[in-house]
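Colleague: Pasting a predicted model and its sequence here:
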Amino acid sequence: MNLNSINRRTALKNLGLSSLSLPILSQSSSLFSANADKTAPKQRLIVMFSPNGTIPNHFWPNTIGEDFEHKTILKPLEPFHDQLLILRNLHNKVRGDGDNHMRGMSCLLTGIELFPGNVMGGGNTPSGWPKGISIDREISNHLQSQPHTRTRFGALHFGVGVQDTADPWTRMSYNGPNQPVTPLSDPYDAYRKIYGNVRDKKKVRSILDDLKADLQKVANRLPESDRKLLIEHSKLVQRMDREYEAGSSLSNLSAPPPELPEGIRNLNENIPQLGRLQIDLLVNSFVNDFARVATLQYTKSVGQAKMKWLDVEDAHHTLSHEPDKNKDAHDKLVRINTWFAEELAYLLKKLESTPEPGQKGSMLDHTLVIWTNELGKGNNHTLDHIPFVLAGNGFGFRMGRSMSCENVPHNRFLLSLAHAVGHPLKTFGNPKLSAGGPLILG
């Protein structure tokens, strides 16, 4: 089955047609004319990143197919079993400059080599930025090129515990060669970017309401000589109130912005709260169709977060270097990776419980979420067996299974993502690593 057929099958499902009609009607091109594109179901993409490899024996299912088991790390995702696709035996085969953490991070979504540079990696392996665009930005550009899929931002990039340092370990999205995209790590900055100063305007309008009430209270107590001044002040307050109401844009939103608690700083101990705030903002931005592509980056490659909320005092990257026989480190790493799965489950639940605006089903029915990592395993720094967990029905892939990718380069998977949104690239990233074309995931 080709990828165009996959897209058609997804559209037919979203029309509420039975599975018996899918093989026949999915071949009908008349149902998918250019005019139909304007009312076609939205397709959205979220890439969630967590660092330092996984723990294979607590992550990968033992079986291929639909009846795969959820081991400890994937257990939080069990309620979404039928909407999951676990891709096994998929390798990042990009080589060249930089260490494996650098290439694992910066080649994860670009699939292409790093430029030579002066950022020193482990084992005296320097590098620069990647030589090409990342797949999230490529897909966003494709959607932005068409009037019926264009949105205000195209793509939004959220960070959780990502610090200001910019290097190949900290960036996974790229606008093009040597063009890293900085994730928004402060929810308040993300809020201002997405909603402008709506939040500040709401505060000002509250103050204006109080001021109007105060002026009314004193109106009858002032002498005639002061009432003219009071009237002028009242008119000014009313005019400001109208201007702020007109400029708030709240009336045009499908859903109001989430409320942000005050004073949560971008600190290690606040990562759980920061993550939930960023997820809430991400989903809300999708509801309001501000973007159809987003990334959610937890810390960075070589990330040293201390997960104290899990009773883990050790730094994450340091723990990931410990040998397998270190049971204490092993157990802590399982706990850490399970927590990331729980955060993914929160995101999926949020999408599942949010009705798709103007369409049938939930937002999860129209979104593909990818959870990935820069390494297959932390203590051997392998770029083989990169974890790719897919969730949601937005791209028309056949979900509810574990699938072997037969040790192919992950470029072919990135190519599949482009084809699933109707962007039939012949190669992506390093052309040699795209040989064989997109993976057939339908």
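Modeller: Noted; the coordinates are in hand.
Colleague: any chance you could map the helices in this protein?
Modeller: In the chain, the segments counted as helices under DSSP state H are 3-14, 22-25, 100-106, 135-144, 187-195, 198-218, 224-247, 271-287, 316-320, 327-352, 411-420.
Colleague: least reliable of those helices going by mean pLDDT?
Modeller: Of all the helices of the chain, the minimum mean pLDDT falls on helix 22-25 (a mean of 42).
Colleague: tally of neighbours for residue 341?
Modeller: Using other C-beta atoms under 10 Å as the criterion, residue 341 is surrounded by 22 other residues. Where C-beta positions appear, they are placed from N, C-alpha and C, glycine not excepted.
Colleague: what's the distance between residue 83 and residue 360?
Modeller: Distance of residue 83 to residue 360, given as C-beta to C-beta, to the nearest Å: 16 Å.
Colleague: out of the two, which sits in the busier spot?
Modeller: residue 83 (20 against 13).
Colleague: Could you double-check that the more buried one lies in contact with residue 399?
Modeller: Yes: contact criterion C-beta atoms under 8 Å: residue 83 and residue 399 qualify, at 5.1 Å.
Colleague: Go ahead and confirm residue 110 touches residue 429.
Modeller: Yes: using C-beta under 8 Å, residue 110 is in contact with residue 429, at 5.7 Å.
Colleague: Identify the contacts common to those two.
Modeller: Applying C-beta atoms under 8 Å, 6 or more residues apart in numbering, one finds that residue 110 and residue 429 are jointly contacted by residue 132.
Colleague: and the two? which has more neighbours close in?
Modeller: Taking other C-beta under 10 Å, residue 110 and residue 429 do not tie; residue 110 has more neighbours (31 against 28).
Colleague: Look up how far residue 430 lies from the residue nearest to the more buried one when sequence neighbours are not counted.
Modeller: Once flanking residues are discounted, residue 110 sits nearest to residue 130: 4.3 Å by C-beta to C-beta, 6 or more residues apart in numbering. Applying C-beta to C-beta, the value for residue 130 to residue 430 is 10 Å.
Colleague: Who has more neighbours out of these two?
Modeller: Neighbour tally, residue 130 and residue 430, criterion other C-beta under 10 Å: the higher count belongs to residue 130, 32 against 21.
Colleague: wait, that one sits on residue 105?
Modeller: No: assessed by C-beta under 8 Å, residue 130 is found out of contact with residue 105, at 9.7 Å.
Colleague: what touches both of the two?
Modeller: residue 168.
Colleague: contacting residues for residue 133?
Modeller: 110, 141, 174, 175, 176, 177, 179.
Colleague: cool, and residue 306?
Modeller: 268, 312, 313, 314, 315, 316.
Colleague: Quick check: the two most widely separated of those?
Modeller: The span of the contacts of residue 306, defined through C-beta to C-beta, is set by 268 and 314 at 12.5 Å.
Colleague: thinking again about what came up before, any residues in contact with both of residue 130 and residue 430?
Modeller: 112, 113.
Colleague: Would you check that residue 153 makes contact with residue 292?
Modeller: No: with contact defined as C-beta under 8 Å, residue 153 does not reach residue 292; the gap is 9.2 Å.
Colleague: higher neighbour count, those two?
Modeller: residue 292 (27 against 17).
Colleague: I'd guessed that one sits against residue 136; true?
Modeller: No: contact between residue 292 and residue 136 fails when scored by C-beta under 8 Å: they sit 10.6 Å apart.
Colleague: where do the contact lists of the two overlap?
Modeller: 45, 155.
Colleague: per-domain residue ranges of the protein.
Modeller: 1-40, 43-186+268-434, 187-265 (automatic domain parsing).
Colleague: Using CSV, please lay out the ones you listed together with distance to residue 440.
Modeller: Output for the domains of the chain, formatted as CSV (distance: least, C-beta to C-beta, whole Å):
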stretch, distance to residue 440
domain 1-40, 7
domain 43-186+268-434, 8
domain 187-265, 35
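Colleague: Give me whichever of those is most buried.
Modeller: domain 43-186+268-434 (a mean of 20; mean count of other C-beta atoms under 10 Å).
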